[in-house]
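Undergrad: The following comprises the amino acid sequence and a computationally predicted model.
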Amino acid sequence: MSSNWLRVIEWLDVGEAFSREVKRIYFMEKTDFQSIAVLEVLPHGKVLIIDGKTQSALVDEWIYHEALVHPAMISHPEPRKVLILGGGEGATLREVLKHKTVKKVTMVDIDEKMIEIARKYLYEWHQGAFDDNRVNVVIEDGRRFLGESHSKYDVIIVDLTDPLKDSSSMHLYTKEFYELIYNALKDDGIFVTQSTQIALSVDVYAVIHSTISSIFPISRLYHTFVPSFLLDWSFNIGSKKYDPIALSGEEIDSRIRERIAGDLKFYDSETHKHMFSMPKHVRRALNSTKKISTDSEPIYLPI
């Protein structure tokens, strides 16, 4: 019998999937909220998979997490108080803590088991970030936390699983949820969310952008290719004051030099400029999409 018969199959879209050879199973279990697997697969090494979708791979997780965190953080002149919703593997937290301006980070995740798994199996991702004395980890539903908290933040980073039908994340990409985020930001606050792949399900990222645009005076879509996802990935920024595309390359690199403790492998001014440059068909999709995702009619991926 062949030694490569154990494989993980991941659906990209209706009728389209890819498979990877599984070399080792570190952890695989269904929690109260989601199905979590930490596997070693070819060719990407250790990966985190939630509800059948790759969340990050050791070989390139830094591309996704630097792309998610730094454009919003660098756009703010002095991010001191930061809220992270989701991001259970701890790599988003790791990147936020690189900013010397940060005094306090609150990280809210609904699944305590995910944090335990990260601590045990994903040290390469969080690199001890959970134990930084600036960090407060709260096990709570992110939406409930926002509804009950009276704190105000400079930056809010939303690192949630994709909006799949009947998933715990489906109502975390809606107008009502983004209104809670708007109210939790200071007067010059800025937030960012991952907003699914940009290649196949055009209506999802465009509807998320349209929804954010209905609330924030400044909204920007950006993207980057993540090799382990096999897809171009999108992110959406909503800002009350600071526009990420108004920053000059010199200012971006200056803020990186002054603020960042440690090394960035992906993000700099050239990368920033590339990520916010959208191809024509995407710009057309953004201009033509007026639909708003709401609690009564949320947008979600078909698979």
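TA: Structure's in. What do you need?

Undergrad: Mind listing what's buried along stretch 53-71?
TA: 53-58, 60-71 (16 or more other Cβ atoms under 10 Å). The C-beta positions use only the backbone N, C-alpha and C, and glycine is treated the same way.

Undergrad: Filter those residues down to the ones in strands?
TA: Of the buried residues of stretch 53-71, the ones assigned to strands by DSSP state E are 53-57.

Undergrad: Would you mind checking which of these is nearest to Val138?
TA: Of all these, Val138 sits closest to Gln55, with 20.2 Å by Cβ to Cβ.

Undergrad: I'd like to know how far the closest residue to that closest one other than its chain neighbours sits from Ala37.
TA: Closest residue to Gln55 apart from its sequence neighbours, by Cβ to Cβ, 6 or more residues apart in numbering: Leu48 at 4.5 Å. From Leu48 over to Ala37 the distance is 8 Å, taken as Cβ to Cβ, to the nearest Å.

Undergrad: Okay, helices next: where are they in the stretch 51-200 of the chain?
TA: Along the stretch 51-200 of the chain, counting by DSSP state H, counting those that start in this stretch, helices occupy 61-75, 91-96, 112-121, 123-126, 142-148, 175-184.

Undergrad: What average pLDDT does the longest one get?
TA: The predicted model gives helix 61-75 an average pLDDT of 98.

Undergrad: packing partners for that helix?
TA: With contacts defined as 3 or more Cβ pairs under 8 Å, 6 or more residues apart in numbering; DSSP states H and E, helix 61-75 has these neighbours: helix 91-96, strand 153-159, strand 185-197, strand 218-226, strand 231-239, helix 249-259, helix 269-275.

Undergrad: Check the last one too.
TA: Counting contacts by 3+ Cβ pairs under 8 Å, 6+ apart, helix 175-184 packs against helix 142-148, strand 153-159, helix 202-213, strand 231-239.

Undergrad: if you set the cut-off to 10 Å instead, what comes out?
TA: On a contact count with 3 or more Cβ pairs under 10 Å, 6 or more residues apart in numbering; DSSP states H and E, helix 175-184 meets strand 81-86, helix 142-148, strand 153-159, strand 185-197, helix 202-213, strand 231-239.

Undergrad: mean confidence score for the shortest one?
TA: Spelled out, it's strand 81-86. In the prediction, strand 81-86 has an average pLDDT of 97.

Undergrad: Quickly run through the sheet partners of the longest strand that the chain contains, with directions.
TA: Longest strand in the chain, counting residues (DSSP E): strand 16-30. Applying DSSP bridges, strand 16-30 is found paired with strand 7-13 (antiparallel), strand 35-42 (antiparallel).

Undergrad: Could you measure from Ser239 over to Gly189?
TA: Ser239 is 8 Å from Gly189, by Cβ to Cβ.

Undergrad: With neighbour numbers in mind, choose between these two.
TA: Between Ser239 and Gly189, Gly189 has the larger neighbour count (other Cβ atoms under 10 Å), namely 26 against 23.

Undergrad: The more buried one is in contact with Ser151, isn't it?
TA: No - between Gly189 and Ser151 there is no contact under Cβ atoms under 10 Å: 11.4 Å.

Undergrad: Can you pull the residues that touch both of these two?
TA: Common contacts of Gly189 and Ser151 (Cβ atoms under 10 Å, 6 or more residues apart in numbering): 81, 83.
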